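generate coordinates for the sequence data below:
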Amino acid sequence: MSIIKPLFALCLLVTSLTAGAGERINLNAADAAALAAGIDGIGPAKAAAIVAYRAEHGPFKTVDDLLLVRGIGQATLDRNRDRLTAATP
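All right, here's what the predicted structure looks like:
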């Protein structure tokens, strides 16, 4: 019985730490503010460039298409890949 409380506390901690982990930023639906806030290494100007690229060329087919936006490199994509999606809005 003495181990139940610590295990329960551990479960609560893990649950609270991973609660938002499944939420991804949709490159095809997010506005510039959401992109700037959610993508590591992207500021307001680059976020606006992502939105402008999407408006001009249509939706991103894959997360890798982010590399087509001028100024976004492989390192930025790799650092953020797990938090991005290119789902159809």
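
where does pLDDT dip in the protein?
Applying pLDDT under 70 to the chain flags residues 1-22.

now the strands for it?
25-26, 84-85 (DSSP state E).

any idea which of those gets closest to G73?
strand 84-85 (14.6 Å; C-beta to C-beta). The way it works is simple: take the backbone N, C-alpha and C, and place the C-beta from them, glycine included.

contacts for the closest one, please.
Residues outside strand 84-85 that contact it (C-beta atoms under 8 Å, 6 or more residues apart in numbering): R24, I25, N26, L27, I39, V63, L66.

closest to A47 among those residues?
Using C-beta to C-beta, I39 comes nearest to A47 of these, at 7.3 Å.

what sits against that closest one?
I25, A47, T76, N80, R83, L84.

among those, give me the pair with the biggest separation.
A47 and R83 (14.1 Å).

most tightly packed of the strands of the chain?
strand 84-85 (a mean of 19; mean count of other C-beta atoms under 10 Å).

ok now that strand, how far from the chain's centre?
5 Å (C-alpha atoms, centre = their mean, to the nearest Å).

re the thing from before, which of A47 and R83 has more neighbours?
A47 (21 against 14; other C-beta atoms under 10 Å).
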